[in-house]
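> The following comprises the amino acid sequence and a computationally predicted model.
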Amino acid sequence: MALPVLFGANIDPVWRDVDGPLQLAVQAERDGLDLVTIQDHPYQAAFHDMWTLMSFLAAGTQRVVFVPAVANLPLRPPAMLAKAAASFDVLSAGRLRLGLGAGAFWEAIEAMGGPRRGRKEAVDALSEAIEVIRALWSGQRSARAGGAHYRVAGIHPGPAPSASLGIWLGAYGPRMLDLTGARADGWLPSLAYLGVDRLGEASARIDEAAHRAGRDPAVIRKVYNLNGLITPVSEGPFYGPVRQWVDQITDLVGAYGMNGFVYWPDRDHRRQLSLFAQEVVPAVRRVLPA
C-alpha cells in the first residue's frame, strides 16, 4: 500500500530574526502542512543549534512534524543523537523523524572539533551509527552495537520512542542509496544536489536495494526538498506558476514514487510558503488518488 504524499516547509534556523522561525512554523501548521525541516549546520554563525530550535518550535505548535535536514553525524555522536531524538519524540507525542547525514563541509566540521572523513569512511561511520541508534531505540534491557567508528556496549536504552520515529537519510552516492534502501525508513534528497534528470535512477536504486534486503520499497518515505519560486511566468523547473508546480509534483509522484515534498523558497519565505501551502498543495491533493 502506497504511503500518503506529505508536504512541508523548510525554516532556516536563523537567530537574528528572533520571532521568524516560530512564526513560520505556526504558519505551516495553520496552513495544513505536514512537515517542518530544519538545517543542521552549527558551524554557521547565523544559525541556531538545530535541536534547541526544534524543541522550542515544537512547544509552540501542536501537530506539525519536525525533521532535521539532516542531522550532522560527525558533530553529533549517535548514542547522544538517539537519546535526543527519542526524548524529543516522547515529549512531542511522536512529532519527529530523524533526518541523518554522513557529513559535508568537512573543513567547517573539523574547525568545530569534529572528524574529517573521506567518502568511504563517512558511509561506514553512518552505517555503524544507524546500528547504534536502532539499538538505543530498541527498548531492550541493554544494548551492544557499532564498529570501528562508533560503539556502545552494555548501555541501558531509554526512553523508548514511538513507532513513528524513523531514520531518513540524506543520500546521493551509490553506497548511500544502497544503505537507504536496505536499512533506512526514508530518503531526503534535495533538488539543488540531485536534479530531476537523475532522480529516477537514484529512486530505482533505492528500490532495488530494498528488494535485495527483503524489504518492500513502498514503505520507504521519499521526500524531495524543492528550492525555487512560485512566480507568474515560468523560468525553469520549480520556477513558475502554481499550475506548473502542480504538474511537476504530480509527475514526480507518478514517475519516480516520490511521496513527500518540502519547499525551500529562494526568497520571500513567508509569502512563498503561503502560496505553496494554500494553492499548490491543495491542487496536488485534488489530482492525486485518494
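Noted; the coordinates are in hand. Quantities reported herein were computed from a predicted structural model and do not represent experimental measurements. Residues are numbered from 1 along each chain as shown.
> packing partners for the longest strand belonging to the chain?
The longest strand of the chain (DSSP state E) is strand 221-230. Other helices and strands packing on strand 221-230, by 3 or more C-beta pairs under 8 Å, 6 or more residues apart in numbering; DSSP states H and E, are strand 6-10, strand 186-187, helix 196-212, strand 239-240, helix 242-256, strand 260-265, helix 269-275. From N, CA and C alone the C-beta is placed, and that goes for glycine too.
> possible to save those as JSON lines with distance to Val223 and mean pLDDT?
JSON lines is the format used below for the helices and strands packed on strand 221-230 (distance: least, C-beta to C-beta, whole Å; pLDDT from 0 to 100):
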{"stretch": "strand 6-10", "distance to Val223": "7", "mean pLDDT": "98"}
{"stretch": "strand 186-187", "distance to Val223": "6", "mean pLDDT": "98"}
{"stretch": "helix 196-212", "distance to Val223": "12", "mean pLDDT": "98"}
{"stretch": "strand 239-240", "distance to Val223": "20", "mean pLDDT": "98"}
{"stretch": "helix 242-256", "distance to Val223": "11", "mean pLDDT": "97"}
{"stretch": "strand 260-265", "distance to Val223": "3", "mean pLDDT": "98"}
{"stretch": "helix 269-275", "distance to Val223": "16", "mean pLDDT": "98"}
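> can you list those in CSV and add mean neighbour count?
What follows is those, written out as CSV (neighbours: other C-beta atoms under 10 Å):
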stretch, mean neighbour count
strand 6-10, 24
strand 186-187, 24
helix 196-212, 17
strand 239-240, 18
helix 242-256, 18
strand 260-265, 24
helix 269-275, 17
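> Of those, which is nearest Leu177?
helix 196-212 (4.5 Å; C-beta to C-beta).
> Return the residues in contact with Glu29.
For Glu29, the contact set (C-beta atoms under 8 Å, 6 or more residues apart in numbering) comprises 61-64.
> Kindly recompute the last result at 6 Å.
61, 63-64 (C-beta atoms under 6 Å, 6 or more residues apart in numbering).
> so which of those is the most crowded?
Using other C-beta atoms under 10 Å as the neighbour criterion, Val64 leads these with 22 neighbours.
> now that we're looking at it, which residues does it contact?
Counting by C-beta under 6 Å, 6+ apart, Val64 touches 28-29, 36.
> now, which of the residues you listed lie within helices?
Among the contacts of Val64, the members falling in helices (DSSP state H) are 28-29.
> can I get the contacts of Val64 in CSV with pLDDT and distance to Asp266?
Below are the contacts of Val64 laid out as CSV (pLDDT from 0 to 100; distance: C-beta to C-beta, whole Å):
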residue, pLDDT, distance to Asp266
Ala28, 98, 18
Glu29, 98, 23
Val36, 98, 18
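> So in that sheet, which strands flank the helix or strand that contains Trp168, and in what orientation?
Using DSSP states H and E, the element containing Trp168 is strand 167-169. Strand 167-169 has its sheet partners listed here by DSSP bridges as strand 98-101 (parallel), strand 186-187 (parallel).
> Now it: average pLDDT?
Here strand 167-169 scores 98 as its mean pLDDT.
> Could you list the buried residues of the very next helix or strand once past it?
Next in sequence after strand 167-169, counting helices and strands by DSSP H and E, comes helix 174-183. Going by neighbour count (16 or more other C-beta atoms under 10 Å), the buried part of helix 174-183 is 175-183.
> same check, this time on stretch 283-290
Neighbour-count burial for stretch 283-290, with 16+ other C-beta under 10 Å as criterion, is recorded at 283-284.
> and the contacts of Val64 as CSV, adding distance to Trp137?
Below are those laid out as CSV (distance: C-beta to C-beta, whole Å):
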residue, distance to Trp137
Ala28, 27
Glu29, 26
Val36, 22
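> Just give me the closest of the contacts of Val64 to Pro232.
Using C-beta to C-beta, Ala28 comes nearest to Pro232 of those, at 23.7 Å.
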